[in-house]
Every structure is written in C-alpha cells, then in structure tokens.
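Asks: following is a predicted model, sequence given first.
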Amino acid sequence: GVARNLVTLSSVNAALYGVEFLNAASSNTVSIVYSTGGVHFDAAATYNTVSFSTVASSVLFQGDRNTLTDSRFLDEGSVIVFIAGANFNSVVRSTIVSVNSYAMNIGGSSNTVTDAYLRSDSGEAAIINAGSYNAISFSTISANSAGQRGLQIYGGANYNRLTASVVRNQGTGVEIVTGANFNTIAQSTVVSRGGDAIIINGVSSTTVVDSYVQGSTGVLVTNSTGTVVGGMIIIATGTGSSALWAGDGSVNLTVTSATITAGFYGYGIRSENMGGLIRFTSNTISAGAAGVFIGTQAANTQVWIGSMTVEVAGRGALGEVSAMRFDGLRTGATVYNSFVIARIGVSGTPTVYALRLLSTNGILIKHSRFSMPDTLAAANGSVMASFSNAVKTELINNDLYSERYSGTALNRLLEVVNVSTGVKVTNNIFFSMWQTAGSSLTLVVDAGSQSGFDSDYNDWFSSNTILSMMWGTTLTQGLANWQATSG
C-alpha cells in the first residue's frame, strides 16, 4: 500500500470521498486541505492522519489507528462513523457538526475523542453502538433538538468512558440503555434544558462520579443493576421532579457524597420497586416535598441511610412535607448518624414531618438528629416523628428538637398510631419549644399501637411547662401522670 506521503495546501471537489486511504495505505498525512467530499479510511488503512483541514462531508473509519486532528467536519447526515472493527482511532481538537443526523457514531472499540466539539441540530450528537472501551474526554457535546440525546450508549456497548466533558442539551443529556454495561461518566457536566440529564435503563454496573448534573430529573435509574453515583452535584429543575429517581426493578444502588437539590415541590432521592442493597451515605439533600422518599421494595431488599444531611422547605400548595418518608417499605431499613431538618419555605398549609413512616416494618433509626426550626407559623400542624402502621420500629439514641411555634395547629414530637405495634423508643432526647400548650403533644400512642410499645431511658422537655402526652384517648400532663396511665 501507499505509505508516508504528504498532501497539503489543496482543495478537493468530489461528490463522495475527496480523500481516500485504500489498500493498506499507511502513515500518510493530509494537512491544510479543503474538501467537499468526505474522508474514507479503508479497512486495511492504518496510521494515517488528516490535520488542519475542513471537510464538508462525512468521515468513514473502517481501519485502525488513524487520526483526525485540528480540523472541522460538517455534513447534512452522519459526519464521523466508526464501523464495527474500526479500532484505536483518534479524533483530536476538532469540530464535528451534523445538520440532520449524528455528529459521531462509534461502532468500533478503543477509539478516543479528545478536546472535540460535537453538535447535531436535529439528531443525537454522539452515539456509541456496540463498541467498547471507547473514551470521550475534554469535549463538548450538544444536541439542539428536544427529542434527541447528547450522548447515547446502547446495544452492548461496554466499558466506555465520558470524562472531563460537557454535555449541554435540549433533550436528554446522556442515555445509557439496552445492555450497555460497565460504562462510566466522570468529572463531567451534563445539563438538559428540557429533559432528564442522565437516564440509565436496562443496564448493569454504570458509574457516575465527580460530576455536575442538571435536568428535569437529574439521574433516572430504571431496571438497572449495580449503579454507583458519587461525589456529585445533582439538581432537578422540574417542579415536582426528583433529583435522583431509582426503581422499576433496579437492583443494588449506591449514592454517596452527593449534593442533591430538588424543586419547590420535588424530591431529593426517590426509590421504589427496587431489590438488593440500597445505600445512601454522606449526601446533602435539599428539596421541597421530600428529601428522601423510600417506597415499597422487593422482598429481602436492604436499605441503609447514613451520615446524611436532609432539609425540606415545603411550599404552600403541598398537602404535606416530609424530610424523610418511608411509604410501604415492609423489608426494613436503617437510618443512622443523620441530621434531618423540616421547615416551611413560604406561607402555606402543609402538614410538616421530619420523619414519616407509613405501612412499614422493621425500621431502625439511631444516632440522628431531627429538627424543626422556627419557621412553622404557617404550617397546618407539624409532627417530628410519625409512625403510622409502622410495625417493629426502633428509635434509639436520637434527639428530636423543635424550636418556637405559636400557632394553633396540633403539633407532636412523636406519634405512634394506626396499629404501629412493637415500637421501641430508647435513650432519646425529646425537646419541645412549642408555645401553645393546648395544641402541642409531646407523645401520642393510640389504642391500636399500645401492644409491644416500649419507652425507656428517654429525656422529655417542654418549654410550655405542661408536658402533654396521650395514651389511647386519655390526655395526661406531666411525666408522672403519663407513667401512671400507660403503665
């Protein structure tokens, strides 16, 4: 084949390919060339380079170890295509723009795209289809159509990596789907102006770390296994959306060391219909409706929530606000070493909960602090910890602290109601600064929840001098009366 030739300072006008590397052509260079036709690297073409050139058509890679560098490529259709078997090629410091299709389509493996600009005006900006071990780094990816993705990885494309790049998109930012496993997004910015930022669906072992993510939903995980999210900033821009939503049969999820923000009526982390091990640790969450929402999970699912800072600041249109809410979780969970804050952001009438358990079984809460700051005057009642049909709940070594409240709504530090049997409350500090004695109850245990109720070694304080508690339908005031009534 032809080898070690240089073509430079030229203009080529061709209908199909202006530059072709054929028949084992190797180590040739085309530099400072303008071509209306495309570039074709034949299957046996290797180590060829196109540099400092403008190509007003497409590029087809069939061979290995070829390079495009410091060039500009523009076409109506797909611009750069690596077919299956085109491996170890490089695109460096180049601009690739497609009007109607993909800016880049990678079907080969171990190709690298570095310091590039990829844009499609009406299609996906980049796709990786079946290719593995490809790397995109220090690049900008943009699709301007609301229904298209910035980057889509699918079809058995494994071990690909997006690093130190920016994806800014009208639609979905990055979508990893259909059996594309062991892919990684790291140290990148993914922003969707009108859709979800990252969608992970039907895949396994996806890692998203050390990145900034913003979209209607920040990260959406469905029917996927072994997803890891860490060291992130995740922002949901949708009014009632979740910053991170995981479920629909997903198994084994870890979210750690993330700063998570949801909208006025949104959720920080929401998980439903999952299995395996769910771990949320060392995250800071701010949301409107619920900081952490854990729904019904598959049998034998383990949920661990630790070292979290969770704050909700609800809005007036919400029916209720919960910093942590477990709803229908019958498989158990452990919450530990966390700081949980519930407040009202503006005037309104939601009921506010710092901790809300509904139809749960086997929840353990330990070594955590639950707080309601002095912003609840507009709330339609507030409950620090509410256990409703919450069987075998343990509240151990926590402190529950409410600041001043002078409204007339009913407030409770702890309520155990609706057949919440087998509840254990031990070594906690309950501190109430609610000012309206008649509307503030420190503890409520209804008749259906008295079976197995165990409360020992707790400290109770109320600044209104009347420590009001209710056992069944009997209202007591003062600890001695409570002990006499409850036995």
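Replies: Sure, I can see it. Residues are numbered from 1 along each chain as shown.
Asks: pull the contacting residues for Val92.
Replies: By Cβ atoms under 8 Å, 6 or more residues apart in numbering, Val92 lies in contact with Thr67, Leu68, Thr69, Asp70, Thr112, Thr114, Asp115, Ala116. The way it works is simple: take the backbone N, C-alpha and C, and place the C-beta from them, glycine included.
Asks: give me every residue that touches Thr225.
Replies: Thr225 makes contact with Val203, Ser204, Ser205, Ser250, Val251, Asn252, Gly276, according to Cβ under 8 Å, 6+ apart.
Asks: what sits against the fifth one?
Replies: The neighbours of Val251, taking Cβ under 8 Å, 6+ apart as the test, are Ser224, Thr225, Gly226, Met274, Gly275, Gly276.
Asks: quick check: it vs Glu20, distance?
Replies: Counting by Cβ to Cβ, to the nearest Å, the gap from Val251 to Glu20 is 49 Å.
Asks: of the contacts of Val92, closest to Phe138?
Replies: The closest of these to Phe138 turns out to be Asp115 (Cβ to Cβ; 4.6 Å).
Asks: surely that closest one touches Arg93?
Replies: Yes. With contacts counted by Cβ atoms under 8 Å, Asp115 reaches Arg93, the gap being 4.7 Å.
Asks: would you mark the buried spots in stretch 390-405?
Replies: For stretch 390-405, a neighbour-count test (16 or more other Cβ atoms under 10 Å) marks 390-396, 398, 400-403, 405 as buried.
Asks: of all those residues, which comes closest to Tyr102?
Replies: Nearest to Tyr102 among the buried residues of stretch 390-405 is Ala390, at 51.6 Å by Cβ to Cβ.
Asks: so that closest one sits right up against Leu358, yeah?
Replies: Yes. Counting by Cβ under 8 Å, Ala390 does reach Leu358; the two are 7.3 Å apart.
Asks: identify the contacts common to these two.
Replies: Contact criterion Cβ under 8 Å, 6+ apart; residues shared by Ala390 and Leu358: Phe326.
Asks: any idea of the mean pLDDT in stretch 87-94?
Replies: For stretch 87-94, mean pLDDT rounds to 96.
Asks: now do the end-to-end distance for that stretch.
Replies: With Cα to Cα, to the nearest Å applied, stretch 87-94 spans 19 Å between its terminal residues.
Asks: what separates that stretch from the chain centre, distance-wise?
Replies: Taking the mean C-alpha point of stretch 87-94 and that of its whole chain, the gap between them comes to 31 Å (Cα atoms, centre = their mean, to the nearest Å).
Asks: low-scoring stretches of the stretch 251-400 of the chain, by residue?
Replies: Residue ranges of the stretch 251-400 of the chain with pLDDT under 70: 314-318, 344-349, 374-380.
Asks: go with 50
Replies: Within the stretch 251-400 of the chain, the stretches with pLDDT under 50 are 378.
Asks: buried among the contacts of Val92? Make that a ChimeraX selection.
Replies: Under the burial definition 16+ other Cβ under 10 Å, those of those that qualify are selected in ChimeraX by:
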select :67,68,69,112,114,115,116
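Asks: next, format the contacts of Val92 as CSV and append secondary structure and pLDDT.
Replies: Formatted as CSV, the contacts of Val92 follow (DSSP: H, G, I helix; E, B strand; the rest coil; pLDDT from 0 to 100):
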residue, secondary structure, pLDDT
Thr67, strand, 95
Leu68, strand, 95
Thr69, strand, 96
Asp70, coil, 97
Thr112, strand, 97
Thr114, strand, 98
Asp115, coil, 98
Ala116, coil, 97
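Asks: pull the most distant pair out of the contacts of Val92.
Replies: Of all pairs in the contacts of Val92, the most separated under Cβ to Cβ is Asp70 and Thr112 at 15.0 Å.
Asks: check contacts around Gly38.
Replies: Listed by Cβ under 8 Å, 6+ apart, the contact partners of Gly38 are Leu16, Tyr17, Gly18, Val19, Val55, Ser57, Ser58, Val59, Leu60, Asp75.
Asks: now do the phi/psi pair for it.
Replies: Note on Gly38: backbone dihedrals following degrees, to the nearest 10 are phi -80, psi -170.
Asks: circling back to that earlier point, out of the contacts of Val251, who's nearest Trp482?
Replies: Among the contacts of Val251, and counting by Cβ to Cβ, the member closest to Trp482 is Met274, at 40.1 Å.
Asks: so how many other residues sit close to the closest one?
Replies: Applying other Cβ atoms under 10 Å, we find 25 other residues in the vicinity of Met274.
Asks: ok, it - contacts?
Replies: Ala246, Gly247, Gly249, Ser250, Val251, Leu253, Gln297, Ala298, Thr301.
Asks: again with Gln148
Replies: So Gln148 contacts Ser120, Ser122, Gly123, Glu124, Ala125, Asn169, Gln170, Gly171, Thr172 (Cβ under 8 Å, 6+ apart).
Asks: that older thread, which among the contacts of Val92 gets closest to Leu329?
Replies: Thr112 (44.6 Å).
Asks: coming back round to it: now for the contacts of Gln148, which pair is the farthest apart?
Replies: Comparing every pair within these by Cβ to Cβ identifies Ser122 and Thr172 as the most remote, at 14.8 Å.
Asks: neighbour-wise, which of these two wins?
Replies: Comparing Ser122 with Thr172 by other Cβ under 10 Å, the one with more neighbours is Thr172, at 28 against 13.
Asks: quick one: the more buried one from Ile153, how far?
Replies: The gap separating Thr172 from Ile153 is 12 Å, by Cβ to Cβ.
Asks: ok, Leu364 next?
Replies: Per Cβ to Cβ, Leu364 is found 39 Å from Ile153.
Asks: returning to that earlier point: any chance of the contacts of Met274 in CSV, with distance to Ile141 and secondary structure too?
Replies: Shown next, in CSV, are these (distance: Cβ to Cβ, whole Å; DSSP: H, G, I helix; E, B strand; the rest coil):
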residue, distance to Ile141, secondary structure
Ala246, 25, strand
Gly247, 28, strand
Gly249, 29, coil
Ser250, 26, coil
Val251, 30, strand
Leu253, 26, strand
Gln297, 35, coil
Ala298, 36, coil
Thr301, 36, coil
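Asks: just the buried ones out of these, please.
Replies: Here, 16+ other Cβ under 10 Å leaves Ala246, Gly247, Ser250, Val251, Leu253, Gln297, Thr301 buried among the contacts of Met274.
Asks: name the nearest of those relative to Gly319.
Replies: Gly247 (22.1 Å).
Asks: which residues does that closest one bridge with?
Replies: Applying DSSP bridges to Gly247 gives these bridge partners: Thr222, Glu272.
Asks: so it makes contact with Ile269?
Replies: No. The pair Gly247 and Ile269 fails to qualify as a contact (Cβ under 8 Å) at a distance of 11.1 Å.
Asks: what is Ser26 paired to in the beta sheet?
Replies: The partner residues for Ser26, given DSSP bridges, come to Ala3, Thr46.
Asks: how far away is it from Asn89?
Replies: In this view, Ser26 and Asn89 are 13 Å apart by Cβ to Cβ.
Asks: ok, the two, which is more surrounded?
Replies: Asn89 (26 against 17).
Asks: so Gly448 sits in a strand?
Replies: No. The assignment for Gly448, made by DSSP: H, G, I helix; E, B strand; the rest coil, is helix rather than a strand.
Asks: any of the contacts of Gly38 buried? List them.
Replies: For the contacts of Gly38, buried by 16+ other Cβ under 10 Å: Tyr17, Gly18, Val19, Val55, Ser57, Ser58, Val59, Leu60, Asp75.
Asks: got JSON lines for the residues you listed, with distance to Val321 and pLDDT too?
Replies: Formatted as JSON lines, those follow (distance: Cβ to Cβ, whole Å; pLDDT from 0 to 100):
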{"residue": "Tyr17", "distance to Val321": "62", "pLDDT": "81"}
{"residue": "Gly18", "distance to Val321": "63", "pLDDT": "79"}
{"residue": "Val19", "distance to Val321": "63", "pLDDT": "84"}
{"residue": "Val55", "distance to Val321": "56", "pLDDT": "92"}
{"residue": "Ser57", "distance to Val321": "57", "pLDDT": "89"}
{"residue": "Ser58", "distance to Val321": "54", "pLDDT": "90"}
{"residue": "Val59", "distance to Val321": "54", "pLDDT": "91"}
{"residue": "Leu60", "distance to Val321": "56", "pLDDT": "91"}
{"residue": "Asp75", "distance to Val321": "52", "pLDDT": "88"}
